[in-house]
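Visitor: below are the sequence and a predicted model; questions follow.
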There are 2 protein chains.
Amino acid sequence: MTADRPLRADAARNRSALLAAAAEEFAARGPDASVAEIARRAGIGKGTVFRHFPTKDDLLAAVVLDRVDGLAGLAHELMSAADPGAALLEFMGSAAGHQRQLDLSFLREAAGINDRLDGERAELFAAITALVDRAKQAGAIRADITGMDVILLMCAPNHVVSFVPGAPPELWRRYLGIIFDGLRPEGAHPLPEPVSP
Amino acid sequence: MTADRPLRADAARNRSALLAAAAEEFAARGPDASVAEIARRAGIGKGTVFRHFPTKDDLLAAVVLDRVDGLAGLAHELMSAADPGAALLEFMGSAAGHQRQLDLSFLREAAGINDRLDGERAELFAAITALVDRAKQAGAIRADITGMDVILLMCAPNHVVSFVPGAPPELWRRYLGIIFDGLRPEGAHPLPEPVSP
DNA sequence: AGGTAAACGGACCGGGCGGTCAACTTGTTA
DNA sequence: TAACAAGTTGACCGCCCGGTCCGTTTACCT
């Protein structure tokens, strides 16, 4: 559709600086980070931000899209790992830890904003479900866990750690360890009724 | 210090309506809920809100304080329960579930705003730690779990469920079940290095 | 009943937000 | 190198927020 002739050199430079600044700022302040502050951090004018992305939501969607793509790629790679349980744990660790950038709330905030993002997100969810099914078949996690369970739980460590102000940067690993132990079949207790859709 | 003669009847009525409305609105929209909307829900003018609480933060602190008091009372009660493990589980369930009102983020937002709240919060934390220690001594949970771990994890179910739009109201129980299984000694794997302070 | 202080409420204020625009600068191309 | 389109920018707009203020209403006391 769009002719999309190449960006001018300075525009391309500004665009990537903008995306980097936005990723940092959104990670630090959440989705409510101000466009003006992002522009300042990127060293460009506020107007330039809106030239590259017509709306703040579009900028957020672009940042989230990067992350979703990365996670989907990792999920596909890990499908051929030797140990399905370890693969799932590594995936959840990457979701939680990678520069502790982006938690599930971003996926919620960005839903419905951008059609392409919605598609990629569905693909990511499918890849996660496949990873979970493989781990279940290998007996690495209990049989009553669904893909949605993992999607919901995978960023909880990150969220939980965000409450302790001077937290060591790897503290999320502790809570991922605890939560993942809860997914294991060894000491599993029956779960109460409702199942996530 | 304050003479504190009794409130006029209408003022007392408005105050309790305000607190109820604020609790609902903060629960629904988070700490960013607008004062105007809270006032509308309570059926009073915006000016009246600021007559009862000089600042929006003070209103938030009052709402959080109610919740903290309730939880601290429950924690003390449960110290004499027969089964220490079940007592801890019940406590975490109450923290997560009780009209799924208030998660840890409120405790963070409200920190440093109100001296009394800070004190009550410290007391709540101490009570939780005692509950955790008793469960540890009974062998109901693994020995490497701290009070802070439970504080951080206890509202994760609530948070996690908030991402699924049409969630059944009791879905949080599922995730509390998973997380609590991760606290149990039965299938525990060693946890990675950093410990929460 | 009537006087009074307490309580009420909504217009109003300053500030910060997302987003727009027109004047200005700059990379590109022939 | 000249000319033009693409890109940049910061002042500006409307909106909503927390918080203030003062004219009005209302519960209480005697």
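Guide: Right, received. Where do you want to start? Numbering: from 1, shown residues only, chains lettered A, B, ... in the order given.
Visitor: helices and strands around the helix or strand where residue A:135 lies, which ones?
Guide: Residue A:135 belongs to helix A:115-137 when elements are defined using DSSP states H and E. Judged by 3 or more Cβ pairs under 8 Å, 6 or more residues apart in numbering or on different chains; DSSP states H and E, helix A:115-137 is in contact with helix A:56-78, helix A:84-97, helix A:147-153. (Glycine included, C-beta is placed from N, CA and C.)
Visitor: how about the residues of chain A near DNA strand C?
Guide: With Cβ under 7 Å from any atom of the strand as the criterion, chain A meets DNA strand C at residues A:8-10, A:32-37, A:46-47, A:50, A:54-57.
Visitor: residue contacts, residue A:185?
Guide: Shown in contact with residue A:185 (Cβ atoms under 8 Å, 6 or more residues apart in numbering or on different chains): A:139-143, B:187.
Visitor: what subset of the residues of chain A next to DNA strand C is also close to chain B?
Guide: residue A:32 (Cβ under 8 Å from any Cβ of the partner chain).
Visitor: most neighbours among the residues of chain A next to DNA strand C, which one?
Guide: residue A:33 (20 neighbours; other Cβ atoms under 10 Å in any protein chain shown).
Visitor: touching, that residue and residue A:24? I think so.
Guide: No. Using Cβ atoms under 8 Å, residue A:33 is not in contact with residue A:24; the gap is 9.2 Å.
Visitor: could you measure from residue A:192 over to residue A:55?
Guide: 41 Å (Cβ to Cβ, to the nearest Å).
Visitor: quick check: which element contains residue A:179?
Guide: helix A:172-183.
Visitor: by contact count, what packs against that helix?
Guide: Under the contact definition 3+ Cβ pairs under 8 Å, 6+ apart, helix A:172-183 sits against helix A:84-97, helix A:147-153, helix A:156-161, helix B:147-153, helix B:171-183.
Visitor: least reliable of the ones you listed going by mean pLDDT?
Guide: Least confident of the helices and strands packed on helix A:172-183, judged by mean pLDDT, is helix A:156-161 with a mean of 89.
Visitor: next one: that one to chain centre, how far?
Guide: With Cα atoms, centre = their mean, to the nearest Å as the basis, helix A:156-161 stands 13 Å off its chain's centre.
Visitor: what does stretch A:38-54 give?
Guide: 24 Å.
Visitor: give me the mean pLDDT for it.
Guide: Per-residue pLDDT over stretch A:38-54 has a mean of 98.
Visitor: that stretch vs DNA strand D: in contact?
Guide: Yes. Stretch A:38-54 reaches DNA strand D (Cβ under 7 Å from any atom of the strand) through A:44-48, A:51-52.
Visitor: ok, so of those, who is nearest chain B?
Guide: Distance to chain B, by Cβ to the nearest Cβ, is smallest for residue A:46 among the residues of stretch A:38-54 next to DNA strand D, at 22.6 Å.
Visitor: thought residue A:14 was touching residue A:49?
Guide: No. At 9.2 Å, residue A:14 and residue A:49 do not qualify as touching, with contact defined as Cβ under 8 Å.
Visitor: overlap of the contact sets of the two?
Guide: Here residue A:14 and residue A:49 have residue A:42 as joint contacts, going by Cβ under 8 Å, 6+ apart.
Visitor: what pLDDT does residue A:11 get?
Guide: 98.
Visitor: with residue A:4 instead?
Guide: 66.
Visitor: repeat for residue A:100
Guide: With respect to pLDDT, residue A:100 scores 57.
Visitor: can you get me a residue count around the nearest residue to residue A:125 once chain neighbours are set aside?
Guide: The shortest distance from residue A:125 to any non-neighbouring residue, by Cβ to Cβ, 6 or more residues apart in numbering or on different chains, is to residue A:151 (6.2 Å). Using other Cβ under 10 Å as the criterion, residue A:151 is surrounded by 22 other residues.
Visitor: surely residue A:151 and residue A:122 touch.
Guide: No. The criterion here is Cβ under 8 Å, and residue A:151 misses it with residue A:122 at 11.6 Å.
Visitor: can you list the residues of chain A near DNA strand D?
Guide: Of all the residues in chain A, those lying near DNA strand D are A:7-8, A:10-11, A:13-14, A:44-48, A:51-52, going by Cβ under 7 Å from any atom of the strand.
Visitor: can we see that at 6 Å?
Guide: A:7-8, A:10-11, A:14, A:44-48, A:51 (Cβ under 6 Å from any atom of the strand).
Visitor: mind checking the SS state of residue A:139?
Guide: For residue A:139, the assignment made with DSSP: H, G, I helix; E, B strand; the rest coil gives coil.
Visitor: residues contacting it?
Guide: Neighbours of residue A:139 in contact, by Cβ under 8 Å, 6+ apart: residue A:185.
Visitor: now it: phi and psi?
Guide: phi 70, psi 20 (degrees, to the nearest 10).
Visitor: what of the one 5 residues further on?
Guide: Taking degrees, to the nearest 10, you get phi -90, psi 10 for the backbone angles of residue A:144.
Visitor: okay, now it: neighbour count?
Guide: There are 16 residues near residue A:144, going by other Cβ under 10 Å.
Visitor: and if you look at residue A:91?
Guide: By other Cβ under 10 Å, neighbour count at residue A:91 equals 24.
Visitor: what sits against it?
Guide: The contact partners of residue A:91, by Cβ under 8 Å, 6+ apart, come to A:71, A:74-75, A:78, A:128, A:131, A:154.
Visitor: dump the residue contacts of residue A:72.
Guide: A:120, A:123-124, A:127.
Visitor: 10 Å instead?
Guide: By Cβ atoms under 10 Å, 6 or more residues apart in numbering or on different chains, the residues touching residue A:72 are A:120-121, A:123-128.
Visitor: what do you get for residue A:133?
Guide: A:84, A:145-147.
Visitor: neighbour-wise, which of the residues you listed leads?
Guide: residue A:145 leads the contacts of residue A:133 on contacts (other Cβ under 10 Å) with 23 neighbours.
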